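S.K.: this is the structure alone, sequence omitted:
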């Protein structure tokens, strides 16, 4: 069961009007410096700061997020996919897609609730966490604005990535000296294996036969 902040619970229990917005936060590697940097987008109409886990984050709105499918959340270890469409003309989006390596970039989504009458922020809570799975950049048709389609994978995707250290003979023997499961891993696939047939032996020279055909001079003893 998800824990909601008490101000949000109290306001929802009052059954007063409420407006919700999605906040999406990306942590991607800068293609120039190689360092991780962060960018936030939200479904609001302006640039606004939100305090998330006692840290102030800046989220860019003004139509950056065009469409966001309903969240899919379920118990278990199955990887849940989430899709959204973002604009191609926003400088923040262009910088995110072109300036950063978003492959498997961590991202998270928060729900922000507002009082629609006063526009006061009631509170925020995290509702989704995962990684960027893939991005498609379709070409816009004439007189149309194309959007960037982004597919996100839930945090369960992290459980599907194998550890490279488990594929090393040295690592397995450091844990257990008698573990020889990966003993020949470095040459696997390089050695020919013959199944159901006898390996042909290489031809060897017969010491009783000359290695080269005799010449006419040799036959005549010259």
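M.R.: Structure's in. What do you need? Quantities reported herein were computed from a predicted structural model and do not represent experimental measurements.
S.K.: beta partners for residue 28?
M.R.: Using DSSP bridges, the bridge partners assigned to residue 28 are residue 37.
S.K.: mind listing what it touches?
M.R.: Contacts for residue 28 were tallied using C-beta atoms under 8 Å, 6 or more residues apart in numbering; they are 36-39, 96, 100-102, 105, 132. C-beta: built from backbone N, CA, C; applies to glycine.
S.K.: please tell me how far it sits from residue 118.
M.R.: Applying C-beta to C-beta, to the nearest Å, the value for residue 28 to residue 118 is 35 Å.
S.K.: backbone phi and psi for the residue nearest the centre of the chain, please?
M.R.: Nearest to the mean C-alpha position of the chain, counting by C-alpha atoms, centre = their mean, stands residue 104 at 2.0 Å. Here is the backbone geometry of residue 104 (degrees, to the nearest 10): phi 60, psi 30.
S.K.: ok, the residue lying closest to residue 179 once chain neighbours are set aside - contacts?
M.R.: Closest residue to residue 179 apart from its sequence neighbours, by C-beta to C-beta, 6 or more residues apart in numbering: residue 172 at 4.4 Å. By C-beta under 8 Å, 6+ apart, the contact list for residue 172 reads 166, 179-182.
S.K.: tell me the buried residues in stretch 149-159?
M.R.: Neighbour counts over stretch 149-159 (16 or more other C-beta atoms under 10 Å) mark 149-150, 152-154, 157 as buried.
S.K.: for the spatially closest residue to residue 77 that is not a sequence neighbour, helix, strand, or coil?
M.R.: Nearest non-adjacent residue to residue 77, counting by C-beta to C-beta, 6+ apart: residue 156, 5.3 Å away. Put simply, residue 156 is helix when judged by DSSP: H, G, I helix; E, B strand; the rest coil.
S.K.: let me know whether residue 156 touches residue 80 as I believe.
M.R.: Yes. Residue 156 is within contact range of residue 80, at 7.1 Å (criterion: C-beta atoms under 8 Å).
S.K.: overlap in contacts of the two?
M.R.: Counting by C-beta under 8 Å, 6+ apart, the residues touching both residue 156 and residue 80 are residue 130.
S.K.: so residue 154 sits against residue 127, correct?
M.R.: No. In this structure, residue 154 is not within contact of residue 127 by C-beta under 8 Å, at 11.4 Å.
S.K.: tell me the contacts of residue 16?
M.R.: residue 115.
S.K.: for it, give me the pLDDT.
M.R.: You'll see residue 16 listed with a pLDDT of 91.
S.K.: now do it against residue 127, distance only.
M.R.: Distance from residue 16 to residue 127, by C-beta to C-beta: 21 Å.
S.K.: top of the contacts of residue 28 by neighbour count?
M.R.: Comparing the contacts of residue 28 on neighbour count, residue 96 comes out first with 25 neighbours (neighbours: other C-beta atoms under 10 Å).
S.K.: let me see the contact set for that residue.
M.R.: Counting by C-beta under 8 Å, 6+ apart, residue 96 has contacts 26, 28, 39, 41, 102.
S.K.: and the fourth one, how many neighbours?
M.R.: Right, the one you point to is residue 41. Residue 41 has 24 nearby residues by other C-beta under 10 Å.
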